[in-house]
Structure formats: structure tokens, C-alpha cells
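Chemist: A structural model of the following input is requested.
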Amino acid sequence: MSQLKVLLICVGVILSACQQNTVLENAQPQVDSLHYQCDEQVQIKKQQLDEQTIRIEVSDQLFELTRFDAPDKSQKYYSSEQGLQPEHGLLWIESEQTATLKSLMLDHTIKIEDYPVIYQCQQSI
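Modeler: Next up is the predicted model:
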């Protein structure tokens with residue numbers, strides 16, 4: 001086989017491999033993202049990372065929250081021990097078009113409904 005044929009075959013294999021990598025990179029799942037308009041003109045961006053985890057962006061800070069079962073099955077509840085204030089986590093309660101961000105006090109004697117509300121939010125289009 002001539003050197004030119006070998007070179008052309010090698011170039012073809014390399015280009016094919018590069019094209020497959022590009023297809024695989026572009027095939028990565030897209031993260032679902034929603035925007036919420038909240039009290040005090042605050043905007044919150046929510047990304048669904050997987051079935052159990054979301055990421056919210058509040059005032060240029062990112063927080064990952066994990067879903068947990070709660071008494072009201074018509075809402076989704078997510079929490080994080082990390083919050084906007086030291087020693088307070090976050091609680092994100094989501095309905096169809098609304099959400100509430102609460103301060104999660106790490107005290108098992110306090111009921112969810114008694115946690116202080118940080119923002120009431122409405123999903124924006």
C-alpha cells in the first residue's frame with residue numbers, strides 16, 4: 001500500500017473519531033431550568049439536576065437541594081443544610097406555578113409550616 005493511501009486512511013480515521021466525540025459531547029442531557037420572580041424583585045433560577053436534586057441560584061449564590069418526602073404530596077420539598085445565613089439551611093417548597101423559599105432552622109422541634117419565609121415566588125415565563 002502506498003504511503004499516500006495509508007495517510008488518507010489515517011486522516012479519515014482521525015476525522016471520524018473527532019466527529020464521534022463531538023456527537024457524544026452534544027448528546028449530554030440538557031438541564032431543565034425555570035425562572036421565578038420573587039418578593040423584593042428577587043429572581044431565582046432553578047435547575048433540575050436529576051429526580052432528587054435541584055440547584056437554585058439566589059443573589060449570585062448557588063445551592064444544591066435534595067428532595068424529601070413531606071406530608072403534602074401536591075408539593076415538592078427540597079432542602080439543604082447550607083443557606084443564606086450561618087446555621088440556617090434552605091427549604092424550597094414548589095407547587096405548579098409557585099414556590100416558597102424558607103429558612104431551614106436545624107431544629108427538629110420546629111414544624112415545616114413554622115419556618116420563616118424568605119421569599120414567595122411565582123414562576124416567570
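Chemist: count of neighbours near Leu104?
Modeler: Residues within reach of Leu104, counting by other Cβ atoms under 10 Å, total 22. In short, each C-beta sits where N, CA and C put it, glycine included.
Chemist: With adjacent residues omitted, what lies nearest to Tyr36?
Modeler: Cys121 (3.8 Å; Cβ to Cβ, 6 or more residues apart in numbering).
Chemist: need the contact list for the one you found.
Modeler: Contact analysis of Cys121 by Cβ atoms under 8 Å, 6 or more residues apart in numbering lists Tyr36, Gln37, Cys38, Asp39, Ile44, Thr98, Ala99, Thr100, Leu101.
Chemist: Which of these ranks first by neighbour count?
Modeler: The residue in the contacts of Cys121 with the most neighbours, by other Cβ under 10 Å, is Leu101 (26 neighbours).
Chemist: Counting by contacts, list what whatever helix or strand Leu91 lives in packs against.
Modeler: For Leu91, the host element (DSSP states H and E) is strand 88-94. Applying 3 or more Cβ pairs under 8 Å, 6 or more residues apart in numbering; DSSP states H and E, we find strand 88-94 packed against strand 53-58, strand 61-68, strand 76-80, strand 98-105.
Chemist: Give me the angle between the third one and strand 61-68.
Modeler: Looking back up the chat, that one is strand 76-80. Going by axes from the mean of the first three to the mean of the last three Cα atoms, to 10 degrees, strand 76-80 is angled at 130 degrees with respect to strand 61-68.
Chemist: go on, the last one?
Modeler: Relative orientation of strand 98-105 and strand 61-68, computed by the same axes, to 10 degrees: 90 degrees.
Chemist: Next, the angle strand 76-80 makes with the strand holding Leu91.
Modeler: Counting by the same axes, to 10 degrees, strand 88-94 lies at 160 degrees to strand 76-80.
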